[in-house]
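In: With the sequence up front, the predicted model follows.
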Amino acid sequence: MMDWPEGYGKRILDEVDSTLDEAARIAADLSGPEWILAKRQTKGRGRRGRAWKEPQGNFAATLVMRPTEPPQVVALRSFVAALAVYDACEALTGRTEGLALKWPNDVLLNGGKLSGILLESAGAGQGLSHLAIGIGVNLVETPMKEWLDPGAVWPVSLLSETGVQVTPEDFLNALALAYARYEHQFTTYGFDPIRTAWLARAAKLGEVITARTNKSETTGTFETVDAEGNLVLNSAKGRVCIPAAEIFF
Ligand SMILES: O=C(O)CCCC[C@@H]1SC[C@@H]2NC(=O)N[C@@H]21
């Protein structure tokens with residue numbers, strides 16, 4: 001039997017609208033951080049209002065917690081989560097070859113999208129009432145291409161790329177352990193070691209990429225991620241720090 005990190009709760013649901021919605025429903029009564037795994041979501045969602053479909057056997061879970069830091073620090077947990085997904089994949093497949101992190105928090109395998117992460121929170125002013133980190137991983141299947149936006153990174157599955165078949169429950173165990181290790185590092189030493197670990201696994205660092213928002217597009221050399229988690233590009237206009245965007249290679 002695999003270990004489970006101390007202090008973290010776990011609930012496994014056969015079906016739910018979205019584990020992010022379930023997180024919002026249970027947040028007020030939490031006594032500690034809690035993982036919610038769903039075998040099926042009827043209304044899974046992704047970034048920028050997109051639907052997230054997960055064929056059976058893929059991983060859909062949310063970690064819900066009640067952090068006390070200011071919202072801009074809480075948001076850095078998106079890097080913590082991406083690192084944890086990366087390490088869980090490594091632990092379960094025994095390889096890191098082809099694995100990379102795409103800013104801000106996608107996990108790529110052989111250049112395709114293996115995992116997406118969506119952070120949601122509630123409350124402001126006095127601090128957040130909860131943070132929900134929703135994580136989807138294509139363990140066995142990829143969403144059909146008609147669900148994809150034009151220009152989106154092509155989805156891949158862990159099974160198709162590595163031949164390793166992992167159940168959602170086993171993935172949760174590995175992910176929860178990896179997350180707890182990075183969370184401990186984050187709360188003890190701050191963002192710096194997380195940032196360093198993230199950069200060591202970054203896709204396209206030092207290469208030319210394009211960051212697109214609803215209003216603008218910036219192309220430049222991917223220099224680094226700064227202490228606030230911004231993407232730093234060296235563009236024709238000089239050094240630009242970008243807090244939120246979609247990245248295109
Ligand atoms: O657009 C993305 O890349 C983020 C996808 C996040 C999907 C996960 S699946 C578990 C959790 N519940 C949801 O409804 N979405 C997230």
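Out: All right, it came through fine. Numbering: from 1, shown residues only.
In: Show me the longest helix that occurs in this structure.
Out: Counting by DSSP state H, the longest helix found in the chain is helix 168-189.
In: and that helix, how far from the chain's centre?
Out: 12 Å (C-alpha atoms, centre = their mean, to the nearest Å).
In: List the buried residues of that helix.
Out: 168, 170-180, 182-183, 185-186 (16 or more other C-beta atoms under 10 Å). The C-beta positions use only the backbone N, C-alpha and C, and glycine is treated the same way.
In: same check, this time on stretch 238-249
Out: For stretch 238-249, the neighbour count (16+ other C-beta under 10 Å) marks Val240, Ile242, Ala245, Glu246, Ile247 as buried.
In: OK, contacts around the closest residue in space to Gln56 that isn't next to it in sequence?
Out: Nearest non-adjacent residue to Gln56, counting by C-beta to C-beta, 6 or more residues apart in numbering: Arg40, 7.0 Å away. When the contact criterion is C-beta atoms under 8 Å, 6 or more residues apart in numbering, the partners of Arg40 are Asp14, Glu15, Val16, Glu54, Gln56, Ala60.
In: The same query, at a cut-off of 7 Å, please.
Out: Asp14, Glu15, Gln56 (C-beta atoms under 7 Å, 6 or more residues apart in numbering).
In: want to try CSV for those residues, with secondary structure as columns?
Out: Formatted as CSV, the contacts of Arg40 follow (DSSP: H, G, I helix; E, B strand; the rest coil):
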residue, secondary structure
Asp14, coil
Glu15, coil
Gln56, coil
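In: so what are the domain limits for this structure?
Out: As assigned by automatic domain parsing, the chain contains the domains 9-199, 208-248.
In: okay, these in TSV with distance to Asp3 next?
Out: Below are the domains of the chain laid out as TSV (distance: least, C-beta to C-beta, whole Å):
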stretch	distance to Asp3
domain 9-199	6
domain 208-248	30
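In: quick one, which of the ones you listed is nearest to the ligand?
Out: domain 9-199 (2.1 Å; C-beta to the nearest ligand atom).
In: What's the mean pLDDT across that closest one?
Out: Averaged over domain 9-199, pLDDT sits at 93.
In: Show the end-to-end separation of that domain, please.
Out: 30 Å (C-alpha to C-alpha, to the nearest Å).
In: same question, stretch 240-249
Out: The straight-line separation of the ends of stretch 240-249 (C-alpha to C-alpha) is 17 Å.
In: got the contact list for the longest helix of the chain?
Out: Helix 168-189 is touched from outside by 2-5, 8, 35, 37, 39, 59, 61, 63, 80-81, 83-85, 87-88, 91-92, 137, 139, 193-194, with contacts defined as C-beta under 7 Å, 6+ apart.
In: Now narrow those to whatever sits close to the ligand.
Out: Contacts with the ligand within these, counted by C-beta under 6 Å from any ligand atom: Ala61.
In: Buried ones among the contacts of helix 168-189?
Out: Among the contacts of helix 168-189, those buried by neighbour count (16+ other C-beta under 10 Å) are 5, 8, 35, 37, 39, 59, 61, 63, 80-81, 83-85, 87-88, 91-92, 137, 139, 194.
In: picking up where we left off before, closest one of the buried residues of stretch 238-249 to Ala152?
Out: Among those, Glu246 lies closest to Ala152 (C-beta to C-beta), at 8.6 Å.
In: Pull the contacting residues for that closest one.
Out: If you count contacts by C-beta under 7 Å, 6+ apart, Glu246 has them with Arg212.
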